[in-house]
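**Q** Give the three-dimensional model of this entry:
(one chain, ligands or ions: 1)
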Amino acid sequence: MLDKFGQKGLKTLIMTYVIEVNIMKTVKIADGIYWVGVKDWDRRIFDSLIPLPEGTSYNAYLVVGEEKMALIDTVNPGFEEEFENKINDVKNIGDIDYIVMNHAEPDHAGAIPYLMSKNKKALLIATQKGAEMAKTYYDVPDERIMVVKDGDTVSLGGKTLRFIEAPWLHWPETMFTYLVEDKILFPCDFFGAHVAKGLYDEEVPELLEHAQRYFGEIMMPFAQMAKKALQKLDNLEIEMIAPSHGPIYKLPEKILDAYRKWASGETQEKVLIVYVSMWGANDAMVRELANLLLAKGVEVRVHNLVGADIGEIAKDLVDSRAIVIGAPTVLAGAHPLAVYGAYLVKALRPPAKYAVILGSYGWHGRSKDALLQMLSGMKIELVGSLEVRAKPREEDYESLSKLADMLTKKIREE
Ligand SMILES: Cc1cc2nc3c(=O)[nH]c(=O)nc-3n(C[C@H](O)[C@H](O)[C@H](O)COP(=O)(O)O)c2cc1C
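**A** Residues are numbered from 1 along each chain as shown. Below is the predicted model:
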């Protein structure tokens with residue numbers, strides 16, 4: 001038996017070991033190019049909204065030229081010292097000449113004030129809009145900002161940074177940085193994935209699933225801008241994609257192909273069902289409809305909004321051709337969780353073409369109309385709806401069967 005002191009000692013030993021294995025060291029990803037990012041293994045929520053079941057990483061890269069040195073992006077606040085140590089492992093933080101801010105969101109730019117307090121000479125490189133944001137978010141003075149436009153280059157000596165404006169991915173100021181000689185693209189959030197493990201794509205076999213989830217959460221509302229950015233990339237030779245979240249792609253074609261598909265709104269014969277039920281009516285309807293669709297060979301995903309992972313909903317929205325929303329009437333409107341779900345579905349601007357609304361009520365049906373109103377303005381065809389009192393009856397099951405037929409026909413007409 002361990003005494004009190006012994007237990008404490010053992011705990012400290014284990015903690016030290018866990019901390020040590022969790023802190024990944026600086027990694028050289030190509031000649032003169034270093035990953036100096038950090039892993040946030042424990043983060044479980046992003047933007048106070050998006051669950052992160054597998055944590056995330058904030059990737060930053062140090063590019064050392066023959067004459068100058070640039071840092072591409074920084075890290076989330078709270079990791080400044082680890083970040084500084086990583087940079088200092090390669091070169092002195094005070095010797096950095098440029099800090100490239102591809103995106104102003106604090107998970108990539110939040111360490112800028114710290115960096116600039118430790119380094120008195122580096123210029124911050126950003127787009128015009130990025131410069132405004134650097135001033136408002138991080139109080140960066142004008143004289144330390146260098147504004148770049150699409151196609152501008154900065155030579156570090158044997159290494160040339162080329163800037164590619166890629167606005168609205170997913171903020172107005174976003175841009176990509178391309179390292180000409182090494183053919184490496186640093187696109188910040190674009191092509192990102194919230195997953196802490198792995199430095200390279202080959203280490204995370206299910207990486208495209210994380211990437212699809214990330215696309216759904218962050219990029220899908222800006223699919224048109226994503227398409228434009230992808231067109232710009234068509235003219236580039238890319239040997240490696242080094243995003244700001246998740247592993248680096250040594251095989252960029254995989255993620256480029258996936259993004260081309262997702263950004264163009266290519267969908268599958270797939271139905272996403274999101275619903276909530278208090279006393280089983282919607283639950284019964286959803287089960288019936290899901291079984292009917294499955295029996296017809298349609299891919300179905302069901303998410304009960306009680307405890308649903310909205311990241312998974314976002315992921316399924318990326319390639320579902322139809323959406324079904326089901327909710328009971330509560331206090332003369334749709335159940336609040338369905339209001340939340342419908343709001344998210346609309347805000348994420350999925351490419352789905354068809355919708356079905358299911359609802360229930362005790363004395364005066366309102367959920368169906370409330371949901372219809374919420375989804376108005378979406379480019380989506382309502383294939384049908386069904387609202388039942390208290391519970392579905394025989395005729396309602398017949399209606400569900402017809403709805404399943406109609407929905408299947410529609411999604412197969414494509
Ligand atoms: C808290 C609460 C509020 C409700 N408010 C309404 C209402 O405003 N109007 C109505 O017609 N039914 C109302 N109902 C009844 C439900 O809509 C009805 O029982 C419905 O069949 C439940 O569907 P479910 O089994 O899928 O939960 C309410 C039920 C609860 C529990």
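**Q** element containing residue 411?
**A** Here residue 411 sits within helix 394-413, counting by DSSP states H and E.
**Q** now the helices: where do they sit in the stretch 251-400 of the chain?
**A** 252-263, 281-295, 310-319, 336-347, 367-375, 394-413 (DSSP state H, counting those that start in this stretch).
**Q** Go through those and pick out the most buried.
**A** With neighbours defined as mean count of other Cβ atoms under 10 Å, the helices of the stretch 251-400 of the chain peak in mean count at helix 310-319, which reaches a mean of 23. For the C-beta atoms, the positions are set from N, CA and C on the backbone; glycine is no exception.
**Q** Using a markdown table, lay out the helices of the stretch 251-400 of the chain together with mean pLDDT and distance to residue 40.
**A** Output for those, formatted as a markdown table (pLDDT from 0 to 100; distance: least, Cβ to Cβ, whole Å):
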| stretch | mean pLDDT | distance to residue 40 |
| --- | --- | --- |
| helix 252-263 | 98 | 21 |
| helix 281-295 | 98 | 36 |
| helix 310-319 | 98 | 16 |
| helix 336-347 | 97 | 24 |
| helix 367-375 | 96 | 34 |
| helix 394-413 | 97 | 39 |
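**Q** Where does pLDDT dip in the protein?
**A** Applying pLDDT under 70 to the chain flags the ranges 1-24, 414.
**Q** What helices and strands are in contact with the longest strand belonging to it?
**A** Secondary structure assigned by DSSP state E gives strand 320-330 as the longest strand of the chain. Contacts defined by 3 or more Cβ pairs under 8 Å, 6 or more residues apart in numbering; DSSP states H and E place strand 320-330 against strand 268-275, helix 281-295, helix 336-347, strand 354-361, helix 367-375, helix 394-413.
**Q** Outline the domain layout of the protein.
**A** 10-263, 268-407 (automatic domain parsing).
**Q** possible to save the helices of the stretch 251-400 of the chain as JSON lines with distance to residue 116?
**A** Shown next, in JSON lines, are those (distance: least, Cβ to Cβ, whole Å):
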{"stretch": "helix 252-263", "distance to residue 116": "32"}
{"stretch": "helix 281-295", "distance to residue 116": "53"}
{"stretch": "helix 310-319", "distance to residue 116": "34"}
{"stretch": "helix 336-347", "distance to residue 116": "35"}
{"stretch": "helix 367-375", "distance to residue 116": "45"}
{"stretch": "helix 394-413", "distance to residue 116": "53"}
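**Q** Let me know the helix or strand that residue 124 is in.
**A** For residue 124, the host element (DSSP H and E) is strand 123-126.
**Q** Going along the chain from that strand, find the next helix or strand for me.
**A** helix 128-138.
**Q** what element comes up after that next one heading to the C-terminus?
**A** Heading C-terminal from helix 128-138, the first helix or strand you meet, by DSSP H and E, is strand 145-147.
**Q** in its sheet, what does that following strand sit against?
**A** The pairing partners recorded for strand 145-147 under DSSP bridges are strand 123-126 (parallel).
**Q** Can you tell me what sits against the partner strand?
**A** 70, 97-101, 104, 112, 116, 131, 133-134, 140, 144-148, 154, 161, 163, 173, 175 (Cβ atoms under 8 Å, 6 or more residues apart in numbering).
**Q** wait, what's in contact with the residue of the stretch 1-150 of the chain found nearest the ligand?
**A** Residue nearest to the ligand within the stretch 1-150 of the chain: residue 51 (24.7 Å; Cβ to the nearest ligand atom). Shown in contact with residue 51 (Cβ under 8 Å, 6+ apart): 44-45, 309-311.
**Q** any idea whether the residue of the stretch 101-250 of the chain found nearest the ligand is helix, strand or coil?
**A** Going by Cβ to the nearest ligand atom, the ligand is nearest to residue 216 of the stretch 101-250 of the chain, at 26.6 Å. With DSSP: H, G, I helix; E, B strand; the rest coil as the basis, residue 216 sits in helix.
**Q** pretty sure it is touching residue 310, no?
**A** No - using Cβ atoms under 8 Å, residue 216 is not in contact with residue 310; the gap is 9.5 Å.
**Q** before we move on, the earlier item: does any part of the helix holding residue 411 sit near the ligand?
**A** No - Helix 394-413 is not in contact with the ligand by Cβ under 6 Å from any ligand atom; minimum separation 11.6 Å.
**Q** how about that helix as PDB, C-alpha atoms only?
**A** Output in PDB follows, covering the C-alpha atoms of helix 394-413 (Å, rounded to 0.1, in the frame of the first residue of the first chain):
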ATOM      1  CA  GLU A 394     -52.800   3.800 -39.300                       C
ATOM      2  CA  GLU A 395     -53.600   6.500 -41.800                       C
ATOM      3  CA  ASP A 396     -50.400   8.400 -40.700                       C
ATOM      4  CA  TYR A 397     -48.300   5.300 -41.400                       C
ATOM      5  CA  GLU A 398     -49.800   5.200 -44.800                       C
ATOM      6  CA  SER A 399     -48.900   8.900 -45.300                       C
ATOM      7  CA  LEU A 400     -45.300   8.100 -44.200                       C
ATOM      8  CA  SER A 401     -45.100   5.300 -46.700                       C
ATOM      9  CA  LYS A 402     -46.200   7.800 -49.400                       C
ATOM     10  CA  LEU A 403     -43.700  10.300 -48.200                       C
ATOM     11  CA  ALA A 404     -40.900   7.700 -48.300                       C
ATOM     12  CA  ASP A 405     -41.900   6.900 -51.900                       C
ATOM     13  CA  MET A 406     -42.000  10.500 -53.000                       C
ATOM     14  CA  LEU A 407     -38.700  11.300 -51.300                       C
ATOM     15  CA  THR A 408     -37.000   8.300 -52.800                       C
ATOM     16  CA  LYS A 409     -38.300   9.200 -56.300                       C
ATOM     17  CA  LYS A 410     -37.100  12.800 -55.900                       C
ATOM     18  CA  ILE A 411     -33.600  12.000 -54.700                       C
ATOM     19  CA  ARG A 412     -33.200   9.400 -57.500                       C
ATOM     20  CA  GLU A 413     -34.300  11.800 -60.200                       C
END
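**Q** For residue 306, give me its contacts.
**A** By Cβ under 8 Å, 6+ apart, residue 306 lies in contact with 276, 337.
**Q** ok, now residue 94?
**A** Per Cβ under 8 Å, 6+ apart, neighbours of residue 94: 118-121.
**Q** burial of the closest residue to residue 93 other than its chain neighbours, as a residue count?
**A** Spatial nearest neighbour of residue 93, excluding adjacent residues (Cβ to Cβ, 6 or more residues apart in numbering): residue 87 at 4.8 Å. The number of residues packed near residue 87 is 24, by other Cβ atoms under 10 Å.
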